[in-house]
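Colleague: Test case, fold it:
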Amino acid sequence: MTWTEIILYTVFVTAVLFFVFLGVIRGETQVPNRLNMSKAEVSHVMTDLKKRSAADCILTRTETGFQCKEMATGKVYRVKGK
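Modeller: Numbers count the residues shown, from 1 in each chain. Here you go, the predicted structure:
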């Protein structure tokens, strides 16, 4: 290998790594699945789920409130919005 080839490969690998890390950084800062909930909504949902003894679950927003699907059992809990 000549010095020119070594420099070109180094620049190419550096550019590829730069764009890969740029994509990772962008992906981490733009979280599309994030729920924007007020403190009152969080309190309401947590209280309702504690009353039902719900385990760890995935929370999604619906037209009428929230839906919580347990990860272990697959049970679905619906919480009406305030």
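
Colleague: which stretches of the protein have low pLDDT?
Modeller: Counting by pLDDT under 70, the chain contains low-confidence ranges at 24-34.

Colleague: Now for it: which helix has the highest residue count?
Modeller: Determined from DSSP state H, the single longest helix within the chain is helix 3-29.

Colleague: Return the distance of that helix from the chain's centre.
Modeller: How far helix 3-29 lies from its chain's middle: 26 Å, per Cα atoms, centre = their mean, to the nearest Å.

Colleague: same thing with stretch 41-61?
Modeller: Taking the mean of its C-alpha atoms, stretch 41-61 sits 18 Å from the chain's own mean (Cα atoms, centre = their mean).

Colleague: Now it: buried residues?
Modeller: Neighbour-count burial for stretch 41-61, counted by 16 or more other Cβ atoms under 10 Å, picks out 41, 44-45, 48-49, 54, 57, 59. All C-beta spots, glycine's among them, are computed from the backbone N, C-alpha and C.
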